[in-house]
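**Q** turn this into a model:
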Amino acid sequence: MTPITLLRQFRAEFVKARGRGLYHGALGVLLVFAILPLPAALAATFDKNLVSWASDLASFPGCLWNTTRLAHMVLPLLVAIVAAGCVGGEYSSGTWKMTLPRTATRASALLAKFLASLVLTLGGLAFALVFTVAMGAVGSVLLGQPFVPEPVGLGAGDVGRILAYFVLDFAFLIILAMFAAVLTRSLIGGAMLGYAAQHLLRMLTFLPGGWLSPMTNLDNLRAHWVPMSHFRVQDVQSALGRAVSWQTSLATVLFFFAAFGLLSAWLFEKRDLASE
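**A** The predicted structure is shown next:
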């Protein structure tokens, strides 16, 4: 497998995944949260008691933080559905038999699908956040207040850590859903088991050695890396039962990511799709 071959496979998988209704549905859900600053500002023009609340939703960076917090309630499920659709959809439609002969290896097919899912989901979130900034700017005009009321106070390092968190978070959720889809050979099974696996791994926190839970370690990274996050370092580390540095959390998440990725590739290689 050469980089050029992988790039071609990635492009094909990206176009295929972007055209699925699952992705459009997930993007639509995110845009519902992204549009909230505008109706909030409109409501405040009729009820002055709502001005303070609407200003928080419409101003920058408040519009980003609030939209991200709201969207995070459904993002794990949406990411699992999109990722499971990339792999499980091939089983459901029986198209693996046509897809695999055109790929360098089975592992490269999974890698291309992983990269396509990651780019699509991160791109969808980025589009929703840009949209919410636009809605916030319009809302601020309606409220007659400045869009950026005070200095943001975010440096390049802060932005880099925020981006790193979301890339790592989405990558781990995607690899879980892809493993579940390979295991169940189903889109629905992959989405359901992939989403359930997130909660099962989080429940490890309450068992002996629970500080190794990859989901809670992701929370610890979010508390350290994402400003204005509703996750506080002391709360997350209280759940972990010990003080855990972000470096340890990063190593833990990467270990589980590699383990699920290798297990997915091994399981996919061992299965004979020609008999299906």
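**Q** so which helix or strand takes in the residue nearest to A112 when sequence neighbours are not counted?
**A** Once flanking residues are discounted, A112 sits nearest to Q9: 3.7 Å by C-beta to C-beta, 6 or more residues apart in numbering. C-betas here are computed from N, CA, C, even on glycine. According to DSSP states H and E, Q9 maps onto helix 3-18.
**Q** who touches stretch 226-240?
**A** With C-beta atoms under 8 Å, 6 or more residues apart in numbering as the test, stretch 226-240 has contacts from 61, 65, 69, 154, 158, 161-162, 165, 205, 210-211, 213, 216-217, 219-220, 222-224, 243-244.
**Q** just the buried members of those residues?
**A** Neighbour-count burial (16 or more other C-beta atoms under 10 Å) is assigned, among the contacts of stretch 226-240, to 61, 65, 161-162, 165, 205, 210-211, 213, 216-217, 219-220, 222-224, 244.
**Q** so A107 makes contact with F268?
**A** Yes: counting by C-beta atoms under 8 Å, A107 touches F268, with 7.4 Å between them.
**Q** ok, these two, which is more surrounded?
**A** The residue with more neighbours, out of A107 and F268, is F268; 22 against 17, by other C-beta atoms under 10 Å.
**Q** so that one is in which element?
**A** Using DSSP H and E, the element containing F268 is helix 246-270.
**Q** can you pull the buried residues of that helix?
**A** Residues of helix 246-270 classed as buried: 246, 248-250, 252-253, 256-257, 260-261, 264-265, 268 (neighbour count, 16+ other C-beta under 10 Å).
**Q** next one: stretch 124-137
**A** Residues 124-125, 128-129, 131-133, 135-137 are the ones in stretch 124-137 that count as buried (16+ other C-beta under 10 Å).
**Q** now do stretch 222-240, average pLDDT.
**A** For stretch 222-240, mean pLDDT rounds to 82.
**Q** how far out from the middle of the chain is it?
**A** For stretch 222-240, the separation from the chain centroid amounts to 18 Å (computed by C-alpha atoms, centre = their mean, to the nearest Å).
**Q** okay, now that stretch: how far is its last residue from its first?
**A** Start-to-end span of stretch 222-240 (C-alpha to C-alpha, to the nearest Å) is 14 Å.
**Q** what are the contacting residues of stretch 127-142?
**A** Residues from elsewhere that reach stretch 127-142, judged by C-beta under 8 Å, 6+ apart: 27, 30-31, 33-38, 40-42, 44-45, 54-55, 57-60, 62-64, 67-68, 71, 146-147.
**Q** any idea which helix or strand comes after the helix or strand hosting L118?
**A** Element membership for L118, per DSSP H and E: helix 106-143. Tracing the chain past helix 106-143, the next element assigned as helix or strand by DSSP H and E is helix 156-184.
**Q** surely F166 and L125 touch.
**A** Yes: when contacts are counted by C-beta under 8 Å, F166 is listed as touching L125 (6.9 Å).
**Q** wait, what's in contact with the nearest residue to M192 once chain neighbours are set aside?
**A** Spatial nearest neighbour of M192, excluding adjacent residues (C-beta to C-beta, 6+ apart): A180 at 7.8 Å. The contact partners of A180, by C-beta under 8 Å, 6+ apart, come to 80, 84, 189-194, 197.
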